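[1] The sequence isn't on hand, but the structure is:
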């Protein structure tokens, strides 16, 4: 099994009262932002030294959750601080910008800057992201698939070409640099929906499962594998990523106490449930994803009410090293994931977070790697 | 306002050509059809293309109502079409738009008769696809599947061709493949593509199930002033499978020449 640390350069908590999205940037404080940047870059260097396989980041907008509206800018910075691990962009939201060729260029640049260590997530995004650049969510699937094909073409075609599609139009494409990895970097899509799982299987790429739970993820992974079989191939374990928060303490009690103190407040962006509902009910999901639509209609009812419930539902890993190892074994067994993308942000205190990362790397990862 | 499409005849070089004509304009487009001959559902794209330009669509010797005459080789067809152009658009250089099997004819015309050609559009050209004449007595292709391969799932027509029309198209294609196939792979054409001096637009059908993408490479690699555009999701017969965007691209290219590359809104 492989282990990725998600580090999207979190800003940290704001002084904003209430729970809104977009988060008004009147609460942006330059000194805190400077600390967030420094902490992120220091942490990724540590994580690299500790032997994590991937350092991951992702595009998100209009909140302090991640300071990565253009994720390739952050990934480029990471390449200069992470010398060994792969740089996983999980990912850019390719239907949003209106310029997939620019995404192809930027990813290729990150692959070059990292010496061929890019893991390329090409994502559709969560529903609320469609409020960022005023993109019609009902066009999301079609935009995603066309953007995808265009990006792959830009990476792999060796002669200039133009493109006349439904959503994207170019007279000349011939990107420099190309990705170092040939024919492409390893590619993942997000796959919580049935449509996405079928798409990943059809394109013979990996699947990323995030913002879900163990039963939904297991179902999505099963659907993906079945679709892969239908398309005549079998994915490796490494082609299924499961993402969730984690906190490792010296003991179960210490870890639990640290997380309970801030449980339910760890995502300062918050307030996304209403926005997700608006977009999800505006044609974002396909007809085959009625379960997912029902879930996004009321995400507030989807949140675990306690740490214990979160662990049981596989939406969080928490405990001392042995307990954490057992929780990982369960995720691996039930989902079949070969990569865990871990968010070490749930303790609230920088020293505890750092210790959690170290404990995981030194006392959990060696045995967990054998899974 | 869509142009009217009319069926006409013209004597040129001893052959009585059947052709279609649409539109008026300073510039003349000569559309060179594919292996199936005049498409039974070409009226819509011809009418659209005719909104800006004069469009002529000759049935080549051996297709539809044009007799084969003495044409026994591709070279003979090229010379016959050259005579048609000289007669139909006297004193003019025309803009050749060559679809599929028409591609080899268009390319040869640009090489051998540069005095007749202002620019060249190669639309899913077929010269370098592996093609063989069907053996005698071969089972005819499934017409419904062939229609999907050619026209995709959103063709621009008011009604699909009848079974009789499809059978005629298939018969045209088989007869002419037998007559004009180049199983050696058009190596003689490949060797001379670099002689094409006119501005060339290569249109590639993004969902072409008739001709593989690799078969498009030689044109772009060898023709000096060639721009390749992929029509995303389009089936092989782009004038019908993706009529509006195909007409827009071809019309702009003919109207604006090298400025075609510049977005003018």
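    Noted; the coordinates are in hand. Nothing here was measured: the structure is a model prediction, and the numbers come from that model.
[2] count of neighbours near residue B:142?
    By other Cβ atoms under 10 Å in any protein chain shown, 10 other residues sit near residue B:142. For every residue, glycine as well, the C-beta is placed using N, CA and C.
[3] Same check on the one 4 residues further on?
    Applying the criterion other Cβ under 10 Å, we find 18 residues in the vicinity of residue B:146.
[4] could you say which helix or strand contains it?
    Here residue B:146, judged by DSSP states H and E, is contained in helix B:143-151.
[5] what comes up buried for the strand or helix carrying residue B:189?
    Following DSSP H and E, one finds residue B:189 within helix B:187-190. Residues of helix B:187-190 classed as buried by neighbour count (16 or more other Cβ atoms under 10 Å in any protein chain shown): B:189-190.
[6] helices or strands up against it?
    helix B:102-112 (3 or more Cβ pairs under 8 Å, 6 or more residues apart in numbering or on different chains; DSSP states H and E).
[7] looking only at pLDDT, what's the mean for the helix it packs on?
    Mean pLDDT, computed over helix B:102-112, is 97.
[8] same deal with stretch B:177-191?
    78.
[9] next one: stretch A:91-110
    Mean predicted confidence for stretch A:91-110 is 96.
[10] That one and chain B, any residue contact?
    No - under the criterion of Cβ under 8 Å from any Cβ of the partner chain, stretch A:91-110 makes no contact with chain B; the nearest approach is 11.3 Å.
[11] Residue A:342 touches residue A:247, doesn't it?
    No - Residue A:342 is beyond contact range of residue A:247, at 9.8 Å (criterion: Cβ atoms under 8 Å).
[12] mind showing which ranges of the stretch 251-371 of chain A have poor pLDDT?
    A:264-270, A:299-301, A:347 (pLDDT under 70).
[13] And the helices in it?
    Along the stretch 251-371 of chain A, counting by DSSP state H, counting those that start in this stretch, helices occupy A:252-260, A:272-279, A:290-297, A:307-312, A:321-335, A:350-359, A:365-368.
[14] What is the second one packed up against?
    Contacting helix A:272-279 under the criterion 3+ Cβ pairs under 8 Å, 6+ apart are the following elements: helix A:290-297.
[15] From the chain's centroid, how far away is the helix it packs on?
    20 Å (Cα atoms, centre = their mean, to the nearest Å).
[16] cool, and stretch A:148-155?
    21 Å.
[17] Need the residues that contact that stretch.
    Under the criterion Cβ atoms under 8 Å, 6 or more residues apart in numbering or on different chains, residues A:94, A:100-101, A:103-105, A:107-108, A:122, A:161, A:163, A:165, A:168, A:173, A:175, A:178-179, A:183-184, A:189, A:203, B:206, B:230, B:232 lie in contact with stretch A:148-155.
[18] tell me the angle the helix or strand just after the helix holding residue B:189 makes with helix B:102-112.
    Next helix or strand after helix B:187-190 toward the C-terminus (DSSP H and E): strand B:200-205. Between strand B:200-205 and helix B:102-112, the angle comes out at 170 degrees (axes from the mean of the first three to the mean of the last three Cα atoms, to 10 degrees).
[19] Name every strand pairing with strand B:200-205 and say which way it goes.
    Here strand B:200-205 is paired, per DSSP bridges, with strand B:117-123 (parallel), strand B:226-231 (parallel).
[20] what's in contact with the helix holding residue B:189?
    Residues outside helix B:187-190 that contact it (Cβ under 8 Å, 6+ apart) are B:104, B:107-108, B:111, B:127-128, B:218, B:222.
[21] Quick check: closest non-adjacent residue to residue A:293.
    residue A:285 (4.7 Å; Cβ to Cβ, 6 or more residues apart in numbering or on different chains).
[22] residue contacts, that neighbour?
    Here residue A:285 is in contact with A:193, A:195, A:292-293, A:296 (Cβ under 8 Å, 6+ apart).
[23] Looking at the residues you listed, spot the one nearest residue A:208.
    Among these, residue A:193 lies closest to residue A:208 (Cβ to Cβ), at 12.1 Å.
[24] so residue B:126 touches residue B:106, yeah?
    No - shown here, residue B:126 and residue B:106 do not form a contact pair, counting by Cβ under 8 Å, at 11.0 Å.
[25] And the residue of the stretch 51-200 of chain B found nearest chain A, how far from residue A:39?
    Closest residue of the stretch 51-200 of chain B to chain A, Cβ to the nearest Cβ: residue B:154 (11.1 Å). To residue A:39, residue B:154 is 53 Å away according to Cβ to Cβ, to the nearest Å.
[26] between those two, who's got more neighbours?
    Counting neighbours by other Cβ under 10 Å for residue B:154 and for residue A:39 shows that residue A:39 has the greater number, 17 against 12.
[27] out of the contacts of residue A:285, what pair is the most spread apart?
    Spatial extent of those (Cβ to Cβ) is set by the pair A:195 and A:296 at 14.2 Å.
[28] what sits against the residue nearest to residue A:286 when sequence neighbours are not counted?
    Excluding its sequence neighbours, the residue lying closest to residue A:286 (Cβ to Cβ, 6+ apart) is residue A:195, at 4.6 Å. Shown in contact with residue A:195 (Cβ under 8 Å, 6+ apart): A:141, A:285-286, A:288-289.
[29] Out of these, which is nearest to residue B:117?
    The closest of the contacts of residue A:195 to residue B:117 turns out to be residue A:141 (Cβ to Cβ; 43.3 Å).
[30] and that closest one, what helix or strand is that in?
    Assigned by DSSP H and E, residue A:141 falls in helix A:140-156.
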